[in-house]
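Participant: model this:
(one chain, ligands or ions: 1)
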Amino acid sequence: MNIRQLRGHHLLCVHGFQGMGYSPSFIEKMGEIVGEIRDPESDIWIEVKLGFDEACSACPHQGETECEAGEGSDAHVRGMDTKVIDHLGLEKDAIYRKDWLVNRTAQMVQPDDLDFLCADCSWLSAGVCKEGIHRLNRNTGW
Ligand code: SF4
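Facilitator: Numbering: from 1, shown residues only. Predicted structure coming up:
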């Protein structure tokens with residue numbers, strides 16, 4: 001069983017990712033994860049984290065114990081993780097089949113939900129995150 005770890009808010013980022021990120025290694029890692037998430041043939045499992053995940057491990061902002069992207073960033077990203085996990089009705093540290101998680105996201109998240117779930121995230125204003133959720137809603141017919 002191929003298991004990927006994703007923190008709560010990254011469950012949404014993977015649908016909006018368009019090759020932007022914090023460093024070449026982060027972009028490469030996110031590209032690898034996103035490729036598997038978006039590939040309908042890929043049968044992987046996702047362990048939902050509230051805290052560091054595989055993407056963080058390739059990010060220049062990962063500190064010893066906290067996200068160090070900026071002042072207050074660890075509390076901010078953990079807050080987004082919690083909101084997304086709660087919104088989707090998931091359990092932290094539980095493992096879900098990828099297809100089930102993607103379909104659940106398509107059913108339960110609308111583009112404008114990101115105004116609350118991802119409030120104050122610097123990427124939100126780029127628009128690609130809402131576009132990604134819109135595409136997800138459309139592709140899965142929800
Ligand atoms: S900015 Fe923080 S939460 Fe985001 S990937 Fe980097 S370490 Fe993880």
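
Participant: number of nearby residues for Asp93?
Facilitator: 11 (other C-beta atoms under 10 Å). In short, each C-beta sits where N, CA and C put it, glycine included.

Participant: ok, now Ile133?
Facilitator: Neighbours around Ile133, by other C-beta under 10 Å: 22.

Participant: wait, what's in contact with it?
Facilitator: Residues counted as contacts of Ile133 (C-beta atoms under 8 Å, 6 or more residues apart in numbering) are 12, 15-16, 105, 109-111, 113-114.

Participant: Near the ligand, which residues of the protein? Just list them.
Facilitator: 22, 55-56, 59, 61-62, 67, 69, 77 (C-beta under 6 Å from any ligand atom).

Participant: Is it possible to get CSV of these that adds secondary structure?
Facilitator: Output for those, formatted as CSV (DSSP: H, G, I helix; E, B strand; the rest coil):
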residue, secondary structure
Tyr22, coil
Ala55, helix
Cys56, helix
Cys59, coil
His61, coil
Gln62, strand
Cys67, strand
Ala69, coil
Val77, helix
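
Participant: Okay then, goodbye and thanks.
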